[in-house]
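Trainee: Structure of the sequence below:
(one chain, ligands or ions: 1)
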Amino acid sequence: LALAATACGSDGKSDGGSSSGELSGTVTWWDTSSVGSEDKVFKKLAAGFEKKHPKVKVKYVSVPFGDAQNKFKNAAQAGSSAPDVIRSEVAWTPDFASLGYLAPLDGTAALKNQDDFLPQAVASTKYEDKTFAVPQVIDSMGIFYNKKLMEKAGVEPPTNLDELKSSAKKIKDKTGKTGLYLRGDDPYFFLSFLYGEGGDLVDAKTKTVTVDRPEGVKAFKAVKDLVDDGTAKTDASDGWENMMQAFKNGDVAMMINGPWAVADTLTGKEFTDKDNLGIATVPAGSAAHGAPQGGHNLAVYAGSKNLEASYAFVEYMTSVESQATTAGELNLLPTRTSAYAKKEAVNSEIVGFFKPVVETAVERPWIPEGGSLFAPLGIEYTKVLTGQTTPEKAAKATGDAYRKLLDGWK
Ligand SMILES: C[C@H]1O[C@H](O[C@H]2[C@H](O)[C@@H](O)[C@@H](O[C@H]3[C@H](O)[C@@H](O)[C@@H](O[C@H]4[C@H](O)[C@@H](O)[C@@H](O)O[C@@H]4CO)O[C@@H]3CO)O[C@@H]2CO)[C@H](O)[C@H](O)[C@@H]1N[C@H]1C[C@@H](CO)[C@H](O)[C@@H](O)[C@@H]1O
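Mentor: Purely as a prediction, here's the structure:
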């Protein structure tokens with residue numbers, strides 16, 4: 001009887017050993033983390049795995065977030081050049097799983113101490129009662145602000161849209177800068193306004209499209225207003241770069257963003273003193289107050305030729321220690337409850353701020369089509385902000401597109 005070679009170290013982490021002994025071979029890993037800030041830390045963690053398993057080589061491949069979903073689907077469909085492990089965004093995971101492209105992980109070395117994961121983070125890893133990924137980071141959104149600029153204008157972080165408008169006017173008067181950068185080429189940045197009017201994209205429980213209800217129209221009106229009255233500046237393309245430059249250079253006093261933006265933000269000239277960065281909850285709308293839930297899981301390709309080493313790699317990269325490292329070095333939110341007690345997380349003010357925000361973030365429907373809701377929404381959202389369509393038409397066009405996407409939904 002070959003005794004399992006898996007030994008648990010003091011931290012409860014398995015050494016990834018398998019009953020046949022040493023792991024070996026190559027694990028190709030597609031990482032979508034931001035280049036120049038996040039990727040350095042993730043590469044370092046992967047090197048730690050190689051140290052622990054000298055016969056395993058991790059082939060790190062950086063794939064841009066905007067390309068990875070289709071790139072993986074094409075490779076998996078072709079049955080060639082798909083990676084062993086992919087950083088699968090929360091909405092991609094049910095999509096990939098429904099296509100049979102992910103290895104089920106229940107009972108494998110990839111899944112350790114499952115009940116240590118936040119339930120909200122686990123939700124996107126389940127498909128038809130099986131587990132197809134392990135949560136790596138969870139995130140939501142807040143309002144990032146430049147404390148110096150706000151103090152100069154004599155304003156506090158806005159808690160609602162009226163305060164956002166009035167503070168933007170004071171910021172303009174006192175500093176000449178624009179109050180808010182509102183990203184216009186990514187509809188994820190619209191969701192907190194939609195939730196703020198009491199709306200949502202769909203109601204998955206009743207299989208009803210809800211984006212074209214009056215709340216949706218009001219939300220489109222609210223964001224259009226912010227741009228039309230000069231409270232916010234926006235762009236129809238290159239939104240990420242323009243938003244980050246504007247905020248890092250102090251051209252705008254605020255931006256709505258998430259923890260994944262912190263590492264890059266702190267490289268900005270306005271934030272060499274990192275205490276100049278403040279973060280507050282997103283402004284409430286006329287009816288409610290809510291921010292979206294996002295994040296990333298690690299998943300194993302069903303066709304991997306090195307499942308054992310891939311399982312061990314996923315477990316290592318989502319372990320308490322790895323999550324404490326990314327919390328400490330990148331201010332990213334752990335998905336393991338126990339990681340929040342580690343000193344690296346406790347010492348991160350930003351992790352401390354976002355934890356309750358994530359716990360109250362608006363749940364999204366983790367259905368295979370969930371991610372596809374963003375493309376049609378993005379087209380209409382950008383058109384509203386650039387005056388190419390009306391809020392009413394945008395809401396209707398988005399709802400119609402959803403009913404084509406979601407078979408049989410009302
Ligand atoms: C349009 C897309 O809609 C959805 O995406 C939603 C997403 O579901 C939302 O959750 C939200 O994602 C948050 C995210 O949670 C948050 O963590 C952060 O991510 C950071 C990382 O943290 C940082 O490390 C680094 O990676 O950088 C990341 C990005 O900064 O910010 C994200 C929001 O930016 O918002 C997304 C919408 O953007 C679909 O899922 C598709 O992605 C779809 N694109 C496809 C569409 C295909 C057909 O058109 C086209 O052919 C294909 O090629 C395109 O891929």
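
Trainee: Tell me where this structure is predicted with low confidence.
Mentor: 1-20 (pLDDT under 70).

Trainee: Spell out which residues sit in contact with the residue in it that the ligand sits nearest to, please.
Mentor: Closest residue of the chain to the ligand, CB to the nearest ligand atom: residue 294 (2.3 Å). From N, CA and C alone the C-beta is placed, and that goes for glycine too. When contacts are counted by CB atoms under 8 Å, 6 or more residues apart in numbering, residue 294 touches 89-90, 138-141, 188, 258.

Trainee: what about residue 151, how many residues close to it?
Mentor: Other residues near residue 151 come to 12 when the count uses other CB atoms under 10 Å.

Trainee: what about the strands in the protein?
Mentor: Ranges of strands in the chain, per DSSP state E, are 25-31, 56-62, 85-89, 126-127, 130-131, 134-139, 142-146, 178-181, 202-203, 208-209, 232-233, 252-257, 277-281, 294-300.

Trainee: So what's the gap between the second one and the chain middle?
Mentor: Centre-to-centre, strand 56-62 and its host chain are 23 Å apart (CA atoms, centre = their mean, to the nearest Å).

Trainee: now swap in the first one and tell me
Mentor: Offset of strand 25-31 from its chain centre (CA atoms, centre = their mean): 22 Å.

Trainee: Over to the fourth one?
Mentor: With CA atoms, centre = their mean as the basis, the distance from the averaged C-alpha position of strand 126-127 to the chain average is 18 Å.

Trainee: Quickly run through the sheet partners of it, with directions.
Mentor: strand 130-131 (antiparallel) (DSSP bridges).

Trainee: likewise the third one?
Mentor: Strands that pair with strand 85-89, judged by DSSP bridges, come out as strand 25-31 (parallel), strand 294-300 (antiparallel).

Trainee: if you compare these, which one is most tucked away?
Mentor: A comparison of the strands paired with strand 85-89 by mean neighbour count, using mean count of other CB atoms under 10 Å, puts strand 294-300 on top with a mean of 27.

Trainee: For the stretch 101-250 of the chain, which segments count as helices?
Mentor: Taking DSSP state H, counting those that start in this stretch, the helices of the stretch 101-250 of the chain run over residues 119-123, 147-153, 161-175, 191-196, 214-228, 239-248.

Trainee: could I get the ones you listed as JSON lines with distance to residue 404?
Mentor: As requested, those are exported to JSON lines (distance: least, CB to CB, whole Å):
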{"stretch": "helix 119-123", "distance to residue 404": "26"}
{"stretch": "helix 147-153", "distance to residue 404": "44"}
{"stretch": "helix 161-175", "distance to residue 404": "32"}
{"stretch": "helix 191-196", "distance to residue 404": "20"}
{"stretch": "helix 214-228", "distance to residue 404": "17"}
{"stretch": "helix 239-248", "distance to residue 404": "26"}
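
Trainee: Take those and lay them out in JSON lines including distance to the ligand.
Mentor: Listed next are those as JSON lines, based on distance: least, CB to the nearest ligand atom, whole Å:
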{"stretch": "helix 119-123", "distance to the ligand": "12"}
{"stretch": "helix 147-153", "distance to the ligand": "24"}
{"stretch": "helix 161-175", "distance to the ligand": "21"}
{"stretch": "helix 191-196", "distance to the ligand": "8"}
{"stretch": "helix 214-228", "distance to the ligand": "16"}
{"stretch": "helix 239-248", "distance to the ligand": "6"}
